[in-house]
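Asks: here is my input; please provide its structure:
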Amino acid sequence: TTPQPETPPTPGTALVQARAAALGLTLPDACMQGVIGNTDLLNHYTALLEQVSLPDLCEPAGEYTP
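Replies: Predicted coordinates:
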């Protein structure tokens, strides 16, 4: 059989692989689509949070007790 050329990584794949490498993590190929999907979801939530205006008028929270 003739070896198939590797498919170039999608932008999401390349970004996840770069982040994993920077953290010293190895992501199995079987997990890659799930990690990319979760990354996209978290990016969506981040964009929503960045749209909320939080004025500097709020008092800080009191002492935290778990």
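Asks: OK, contacts around the most centrally placed residue in the chain?
Replies: Residue closest to the mean C-alpha point of the chain, counted by C-alpha atoms, centre = their mean, is T39 at 3.2 Å. Going by C-beta atoms under 8 Å, 6 or more residues apart in numbering, T39 touches 12, 15-16. No exception for glycine: its C-beta is placed from N, CA and C like everyone else's.
Asks: mind jotting down where the strands sit in this structure?
Replies: Counting by DSSP state E, one finds no strands in the chain.
Asks: mind naming the longest helix for it?
Replies: helix 29-50 (DSSP state H).
Asks: flag every buried residue along it.
Replies: 32, 35-36 (16 or more other C-beta atoms under 10 Å).
Asks: can you redo the residues you listed as JSON lines with pLDDT and distance to D56?
Replies: Shown next, in JSON lines, are the buried residues of helix 29-50 (pLDDT from 0 to 100; distance: C-beta to C-beta, whole Å):
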{"residue": "M32", "pLDDT": "90", "distance to D56": "41"}
{"residue": "V35", "pLDDT": "92", "distance to D56": "36"}
{"residue": "I36", "pLDDT": "91", "distance to D56": "36"}
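Asks: distance of T65 from T26?
Replies: 39 Å (C-beta to C-beta, to the nearest Å).
Asks: the two: which is more packed in?
Replies: T26 (7 against 4; other C-beta atoms under 10 Å).
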